[in-house]
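Asker: Give me a model of this one.
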Amino acid sequence: MLHVVLHVDYMAPAPTRGSFRFDKYMLVMVALRESGIDMTEHAPEPMPRAWLEAVHDPDYVEQVFSAQVPREKERRIGFPVTPHIASRVRHTNGGTWLAAQLAMEHGYAANSAAGSHHALYDTGAGYCVFNDLAVCANRLIGEGQAQRVLIVDCDVHQGDGTAALTAGREDIFTLSMHAEKNFPVRKARSTLDIALPDGTGDDAYLSTLEAHLPRVLDEFGPDVVLYQAGVDPHANDKLGRLALSDEGLQRRDSYVVSEARRRGLPIASALGGGYGTDPRLVAERHARSMIAMAQENAHYGDANQK
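Answerer: Model prediction:
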């Protein structure tokens, strides 16, 4: 069973400026529904403003809510923040939160959007407006549902915003495994950064992940894992510099879920990056990613809290 979070506002109308493809999110759900996987769809509530302001500058939150983000910030984000976008990002942040709640019940759940790891304290960046990973981790701890949260980021781009927003916190661990020479040029410092050379393929990628993830899980001892499951490490991704195959991505995702679940930990995934000239192919990669994780989770049953 795949528990997947989605909301109609995920498919916001395409802005008048920018190249970001919002149709990807609809196509991901089409691919999941056509796959035949046993699936339950869940709709999130918008993330409460107070939890967004607990991580982001309240003045910036107001700029987004009122759709009055300054042009220089919109340029960093990559598209204008319209009222539709403002509603969308509130729901995508709520979606990662809901995925975490579902994971604590079922072991694994997926948000079919978000993974907005470039968003910073007082601005968005790199197609990211609010940082759902940092917001969700902070809320889980703030509401007493977790004492320690591990954020595993396997997007091809470093999770600089997540690292910056959680810097100095001993209760949130950020692991970012990314292409060394990719965006952002100026990287933040995660708790653990694993920078990979251009062209890294399946076996080298997986062996590197296997060398680090179990140690982090055992030494940090999280209560919940949030997983940025971007598919842009794929060899054919337009914005990636790595060389994973379809099989390699599915091996990666199955491995991350298995390492969490065999320790009795719930794990929630956010969609993350994936780019290409054919959005259907990208959407199918995302769908296969979520299916692989749900199938791996099926070996373990419902979550067992530590």
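
Asker: Show me what the least confident helix or strand in the chain by mean pLDDT is in contact with.
Answerer: Least confident helix or strand of the chain, by mean pLDDT, DSSP states H and E, is helix 23-35 with a mean of 94. Contact with helix 23-35 is made by 2, 4, 6, 10-11, 14, 39, 112-113, 271, 274, 279-280, 282-284, 286-287, 290-291, as judged by CB atoms under 8 Å, 6 or more residues apart in numbering. For the C-beta atoms, the positions are set from N, CA and C on the backbone; glycine is no exception.

Asker: Pull out the buried positions in it.
Answerer: Using 16 or more other CB atoms under 10 Å as the test for burial, helix 23-35 gives Lys24, Tyr25, Met26, Leu27, Val28, Met29, Ala31, Leu32.

Asker: Kindly export that helix (C-alpha atoms) in PDB.
Answerer: Below are the C-alpha coordinates for helix 23-35, written out as PDB (Å, rounded to 0.1, in the frame of the first residue of the first chain):
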ATOM      1  CA  ASP A  23       2.400  20.000 -14.800                       C
ATOM      2  CA  LYS A  24       4.900  17.400 -13.500                       C
ATOM      3  CA  TYR A  25       2.800  17.000 -10.300                       C
ATOM      4  CA  MET A  26      -0.400  16.100 -12.200                       C
ATOM      5  CA  LEU A  27       1.600  13.700 -14.400                       C
ATOM      6  CA  VAL A  28       3.200  12.000 -11.300                       C
ATOM      7  CA  MET A  29      -0.300  11.100 -10.100                       C
ATOM      8  CA  VAL A  30      -1.400   9.900 -13.500                       C
ATOM      9  CA  ALA A  31       1.600   7.600 -13.600                       C
ATOM     10  CA  LEU A  32       0.900   6.300 -10.100                       C
ATOM     11  CA  ARG A  33      -2.800   5.600 -10.900                       C
ATOM     12  CA  GLU A  34      -1.900   3.900 -14.200                       C
ATOM     13  CA  SER A  35       0.700   1.700 -12.400                       C
END
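
Asker: now it: how far from the chain's centre is it?
Answerer: Relative to its parent chain, helix 23-35 has a centroid offset of 17 Å by CA atoms, centre = their mean, to the nearest Å.

Asker: returning to that earlier point: mind putting the buried residues of helix 23-35 in JSON lines, distance to His299 included?
Answerer: Formatted as JSON lines, those follow (distance: CB to CB, whole Å):
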{"residue": "Lys24", "distance to His299": "29"}
{"residue": "Tyr25", "distance to His299": "28"}
{"residue": "Met26", "distance to His299": "31"}
{"residue": "Leu27", "distance to His299": "29"}
{"residue": "Val28", "distance to His299": "24"}
{"residue": "Met29", "distance to His299": "25"}
{"residue": "Ala31", "distance to His299": "23"}
{"residue": "Leu32", "distance to His299": "20"}
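
Asker: Just the closest of those residues to Val69, please.
Answerer: Tyr25 (21.0 Å; CB to CB).

Asker: ok, so what distance separates the closest one from His286?
Answerer: 9 Å (CB to CB, to the nearest Å).

Asker: ditto for Asp160
Answerer: Distance, Asp160 to His286, by CB to CB: 22 Å.

Asker: go on, Thr162?
Answerer: The gap separating Thr162 from His286 is 20 Å, by CB to CB.

Asker: between those two, which one's more packed in?
Answerer: For Thr162 and His286, the more surrounded residue by other CB atoms under 10 Å is Thr162, and the numbers stand at 31 against 28.

Asker: mind listing what the more buried one touches?
Answerer: Taking CB under 8 Å, 6+ apart, we find Thr162 in contact with His117, Asn131, Leu133, Ala134, Ile151, Asp153, Thr174, Ser176, Ser190, Gln228.

Asker: Quick one: those as a markdown table, columns for pLDDT and neighbour count too.
Answerer: Putting the contacts of Thr162 into a markdown table (pLDDT from 0 to 100; neighbours: other CB atoms under 10 Å) gives the following:
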| residue | pLDDT | neighbour count |
| --- | --- | --- |
| His117 | 98 | 31 |
| Asn131 | 98 | 31 |
| Leu133 | 98 | 33 |
| Ala134 | 98 | 31 |
| Ile151 | 98 | 27 |
| Asp153 | 98 | 28 |
| Thr174 | 98 | 31 |
| Ser176 | 98 | 26 |
| Ser190 | 97 | 23 |
| Gln228 | 98 | 28 |
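
Asker: Could you pick out which of those residues are located in strands?
Answerer: Ile151, Asp153, Thr174, Ser176, Gln228 (DSSP state E).

Asker: Pretty sure the second one sits against Ala229.
Answerer: No. With contacts defined as CB atoms under 8 Å, Asp153 does not count as touching Ala229, sitting 9.1 Å away.

Asker: Now the common contact residues for the two.
Answerer: Joint contacts of Asp153 and Ala229 (CB under 8 Å, 6+ apart) are Gly272.

Asker: Widest-spaced pair of the ones in strands among the contacts of Thr162?
Answerer: Thr174 and Gln228 (9.8 Å).
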